[in-house]
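Engineer: coords below, sequence missing:
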């Protein structure tokens, strides 16, 4: 997915994926990795379901989330 200026917003990688055009869903029992455009938010897991109609992603198993902050002790 890309912003209007061409910068990536979301990068998704899957070891395998089945897309059902009629239901507008993608799924896989395999590995999934997802990150936002600057790489500061990352999600990995095994097995997923993506519902395009409502932009809903379910990651089933072994889910790991990493959020990097630029927090420098100031509020």
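Structural biologist: That came through fine. All values reported here derive from a predicted model rather than from experimental measurement.
Engineer: which stretches of this protein form strands?
Structural biologist: 10-14, 18-20, 25-36, 41-51, 56-67 (DSSP state E).
Engineer: Contacts for the second one, please.
Structural biologist: Translated: strand 18-20. 25, 26, 27, 28 (Cβ atoms under 8 Å, 6 or more residues apart in numbering). C-beta: built from backbone N, CA, C; applies to glycine.
Engineer: what's the answer for the first one, then?
Structural biologist: By Cβ under 8 Å, 6+ apart, the surrounding residues in contact with strand 10-14 are 1, 28, 30, 31, 32, 33, 34, 35, 36, 37, 48.
Engineer: before we move on, the earlier item: lowest-confidence stretch among the strands of the chain?
Structural biologist: Ranked by mean pLDDT, these end with strand 10-14 at the bottom, a mean of 91.
Engineer: Could you report the neighbour count for residue 26?
Structural biologist: 19 (other Cβ atoms under 10 Å).
Engineer: could we number from 355 for the rest of this?
Structural biologist: Let's use 355 as the start, then, which means that last one is residue 380.
Engineer: Could you pull up the residues touching it?
Structural biologist: Residue 380 neighbours (Cβ under 8 Å, 6+ apart): 371, 372, 373, 374, 402, 403, 404, 406.
Engineer: likewise residue 391?
Structural biologist: Per Cβ under 8 Å, 6+ apart, neighbours of residue 391: 357, 361, 362, 363, 364, 365.
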